[in-house]
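Asks: Turn this into a model:
(one chain, ligands or ions: 1)
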Amino acid sequence: MENLKVVVGSDHGGFEYKEAVINFLKSKNISYIDVGTYSKASCDYPVIAKKAAEKILSGEADRGILICGTGIGMSIAANKIKGIRAALCHDTFSARATRAHNNSNILCLGQRVIGEYLALDIVDMWLKSEFEGGRHQRRVDMLE
Ligand code: RB5
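Replies: Here you go, the predicted model:
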């Protein structure tokens, strides 16, 4: 996972966990792009989700992590963009399974839903888990 480039983004509701995720990525020597938000001032999650998606679709980033209060707004917004498969995960089993089965390219988290240490465990699991391909590739192709 050290070779991945990860785009990270949040609204005000996820700002603190975005900073924690960035510190985690730094500790693992994983390069990242921060598309904001850059303060706790209120902002609109669809704007951030679009910025992150564009980094993935352009190839500037391999995968993304988006955080809002619930993770739901970010996942709805990101999944409206063709080519994005965003997975809202609040447990490590789902984080591994969505990489293996859905080849998810964005992980969404809710800062108001789970604790920071669990969030970082989910990030770790999601980043290191690989897509299994095979029958799952056929289903991912159907999504597109
Ligand atoms: C912001 O208050 C909150 O609505 C947002 O962070 C997110 O939870 C939306 O889904």
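Asks: Tell me how far the nearest residue to Ile72 once chain neighbours are set aside lies from Leu120.
Replies: Using Cβ to Cβ, 6 or more residues apart in numbering and skipping the chain neighbours, the partner closest in space to Ile72 is Leu88 (6.4 Å). Backbone N, C-alpha and C define where each C-beta goes, glycine included. Per Cβ to Cβ, to the nearest Å, Leu88 is found 16 Å from Leu120.
Asks: more crowded one of these two?
Replies: Leu88 (24 against 17; other Cβ atoms under 10 Å).
Asks: and stretch 29-44, which residues are buried?
Replies: 30, 32-37, 43 (16 or more other Cβ atoms under 10 Å).
Asks: that older thread, give the contact list for the residue nearest to Ile72.
Replies: Going by Cβ atoms under 8 Å, 6 or more residues apart in numbering, Leu88 touches 71-72, 74-75, 108-110.
Asks: which residues does it form a beta bridge with?
Replies: Cys108 (DSSP bridges).
Asks: do you know how far it is from Gly133?
Replies: In terms of Cβ to Cβ, Leu88 sits 23 Å off from Gly133.
Asks: follow-up on the earlier one: greatest separation within the contacts of Leu88: which pair is it?
Replies: By the measure Cβ to Cβ, Ile72 and Leu109 form the most distant pair in the contacts of Leu88, at 10.6 Å.
Asks: out of the two, which sits in the more crowded spot?
Replies: Applying other Cβ under 10 Å to Ile72 and Leu109 shows that Leu109 carries more neighbours, namely 30 against 14.
Asks: Get me the contact residues on this protein for the ligand.
Replies: Contact residues, the chain versus the ligand (Cβ under 6 Å from any ligand atom): 11, 13, 45, 68-70, 72-73.
Asks: Just to be sure, which of those residues are found in strands?
Replies: Judged by DSSP state E, these include Cys68 as members of strands.
Asks: can I get the residues of the chain next to the ligand in TSV with pLDDT?
Replies: Shown next, in TSV, are those (pLDDT from 0 to 100):
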residue	pLDDT
Asp11	98
Gly13	98
Tyr45	98
Cys68	98
Gly69	98
Thr70	98
Ile72	98
Gly73	98
